[in-house]
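A.B. asks: Please find the sequence and the predicted model below.
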Amino acid sequence: MKIDNFVRIIDGRLITTPPIDAFATICLDASRVSHGDLFIDINASREQIHQALLKGAYAIVTTLTFEHEDDECAWIEVRSIEHILIKLLRYTITQKSLEMIVLSPVQAALLEMIQTPRSIKYLRDDLFTISKTILAAKEEDRFCLSNRALAEQIAPVAHKIETTVHTKPTIAQKGLFLSSFGYQDRYYVEQKIPSLFVEELLALLTFCDTHTISYTLEHLGFNEHCYPQFITQNLCKKEFGSSSKALIFEPQETLFSTLISYVQSQIDFSKLILCLPKQHKNTFAFKGEIFYFETIEDLAILSQKSFQYALVLGDREDFEPLFTKTSTTQLSLF
């Protein structure tokens, strides 16, 4: 890309007068810079800039002032890296004709599970991670994201999936985690999805059918939202439904209050425990016991408590060290 065009796209300021007028590719990681690249200094780190220059970067984009590091390099000064990334993403999405789909966090997790083949890639909320993925994308690639505010900035013409359906579906619930429902003349019995999320799933399926996105529900399983891990009293993992106790994980704080209301509407509050990170400012309407933890190991105290369900604010994968691998019950010869 021509340097002058790039400076115009991001509304930056070219400080130097380099002998070169173009660069090869855009790189956000100094260790991955190749000769002829443009390096975007996302950490305001002069050390990383010097590393990029040593590796042959032709251009540098940074919020730092020029200190004569290399007069032959195109030093492009900007006020905000976040702002220029948004401008750059908007330009790239248009130039590469990338298809962007905006949906809820639950729908994003469901789409990742049911689409066949997995042709739509999920973009996490982190702007820098999204930038790396989109800058490396191929023409007409398809992406989905659940950050609606960011989507408005980088892809204002993105497809937006509804989270409700026009005709209220008939949902048969079995416990907190299994649901039966109908869709297009087919009835799905006791699927691993809480009734709380069924309407979002049906809206997603309607979108997939409208836009010719292939999917299958044959292997629908629990996703990261409202994920139940059944356990013994000693915190050993158990198969689904094979124990009277379970930890229910929810990584999204915005969904956590909805999950609390859902569980409280069906389970007596005396059988529930709320587990929150210690730094969290509790704003949830919850009647039962609340336990604040600083480390994952702090939750080991749950083995000493009486409860049916513990609702945990956090990503379930982070809590793997909590579970004991084998039962602590001692066997006897007599």
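C.D. replies: Nice, thanks for sending it over.
A.B. asks: Could I get the full set of helices for this protein?
C.D. replies: Counting by DSSP state H, one finds helices in the chain at the ranges 3-10, 46-54, 81-95, 105-114, 127-135, 148-154, 195-210, 253-264.
A.B. asks: end to end, how far does stretch 175-194 reach?
C.D. replies: Start to finish, the residues bounding stretch 175-194 are 8 Å apart (Cα to Cα, to the nearest Å).
A.B. asks: Run through who's touching it.
C.D. replies: 169-174, 195, 198, 201-202, 205, 209, 217, 220-222, 226, 228, 240-241, 248, 262-263, 266-267, 309 (Cβ atoms under 8 Å, 6 or more residues apart in numbering). All C-beta atoms are positioned from the backbone trio N, CA, C, and that covers glycine.
A.B. asks: re earlier: redo the helices of the chain as JSON lines? Include mean neighbour count.
C.D. replies: Below are the helices of the chain laid out as JSON lines (neighbours: other Cβ atoms under 10 Å):
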{"stretch": "helix 3-10", "mean neighbour count": "16"}
{"stretch": "helix 46-54", "mean neighbour count": "17"}
{"stretch": "helix 81-95", "mean neighbour count": "17"}
{"stretch": "helix 105-114", "mean neighbour count": "21"}
{"stretch": "helix 127-135", "mean neighbour count": "18"}
{"stretch": "helix 148-154", "mean neighbour count": "16"}
{"stretch": "helix 195-210", "mean neighbour count": "19"}
{"stretch": "helix 253-264", "mean neighbour count": "17"}
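A.B. asks: Could you dump the ones you listed into JSON lines with mean pLDDT and distance to D37 added?
C.D. replies: As requested, these are exported to JSON lines (pLDDT from 0 to 100; distance: least, Cβ to Cβ, whole Å):
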{"stretch": "helix 3-10", "mean pLDDT": "97", "distance to D37": "12"}
{"stretch": "helix 46-54", "mean pLDDT": "97", "distance to D37": "8"}
{"stretch": "helix 81-95", "mean pLDDT": "97", "distance to D37": "14"}
{"stretch": "helix 105-114", "mean pLDDT": "95", "distance to D37": "31"}
{"stretch": "helix 127-135", "mean pLDDT": "95", "distance to D37": "11"}
{"stretch": "helix 148-154", "mean pLDDT": "94", "distance to D37": "22"}
{"stretch": "helix 195-210", "mean pLDDT": "96", "distance to D37": "38"}
{"stretch": "helix 253-264", "mean pLDDT": "94", "distance to D37": "38"}
